[in-house]
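**Q** Give me coordinates for this.
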Amino acid sequence: MEKYRVSLTAEERAALERLVSVGKGAARKLTHARILLLADADAEGRADDDIVEALSVGPRTIARVRKQFVTEGFEAALLRKKQPPRPDKIKVKGNIEQELVRIACGDPPEGRCRWTLELLADELVVLGLVKKISPETVRQALKKTTSGPGSSRPGACLPRPTRSSYGGWKT
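**A** Residues are numbered from 1 along each chain as shown. Modelled structure (predicted):
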């Protein structure tokens, strides 16, 4: 593994010492500050094994903090990386949801007795409503609409009439 040499300026060292002495802040930030202080080559930088023993952190953490300091800078080594923006979790909205429910409540394809989640997902792709969609996303969308013949509440698909206990038909 390549070892990066940490060389702190006087201002960076003072800021890290102040941060560690106050002791208030995120545990990760304080640990990274301690790692940088102990790894500083200008102030008799310790070996990674000594830092592991002193701070009870893994050698990979030390290597990662050294690398971040050298390649990305002082702030990047201390602060957490921002998570990349996540795409909208729900792909099935509005017209797509209506079409999905219409398909699910309709007759299944030739040779099938009922729609499966995989068939519904494939049908949405074939119709060009989405580029790709997983069966789990289809399941969550149908669950949200409480569709299905076994549902206790009326949802997207109306329940079929069932025989009641007294012999008449219940709708």
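**Q** give the contact list for residue 117.
**A** 135-136, 138-139, 142 (Cβ atoms under 8 Å, 6 or more residues apart in numbering). The C-beta positions use only the backbone N, C-alpha and C, and glycine is treated the same way.
**Q** could you dump these to a markdown table with secondary structure and distance to residue 44?
**A** Formatted as a markdown table, those follow (DSSP: H, G, I helix; E, B strand; the rest coil; distance: Cβ to Cβ, whole Å):
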| residue | secondary structure | distance to residue 44 |
| --- | --- | --- |
| 135 | helix | 59 |
| 136 | helix | 55 |
| 138 | helix | 61 |
| 139 | helix | 60 |
| 142 | helix | 64 |
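**Q** Pull out the buried residues from those residues.
**A** Burial by neighbour count, judged by 16 or more other Cβ atoms under 10 Å, picks out 138, 142 from those.
**Q** And the contacts of residue 117, which is closest to residue 49?
**A** Among the contacts of residue 117, residue 136 lies closest to residue 49 (Cβ to Cβ), at 45.7 Å.
**Q** Relative to residue 144, how far out is that closest one?
**A** The gap separating residue 136 from residue 144 is 13 Å, by Cβ to Cβ, to the nearest Å.
**Q** now swap in residue 3 and tell me
**A** Taken as Cβ to Cβ, the span from residue 3 to residue 144 is 52 Å.
**Q** My read is that residue 3 contacts residue 63, right?
**A** Yes - judged on Cβ atoms under 8 Å, residue 3 makes contact with residue 63 at a distance of 7.3 Å.
**Q** Having no further points to raise, I will conclude here.
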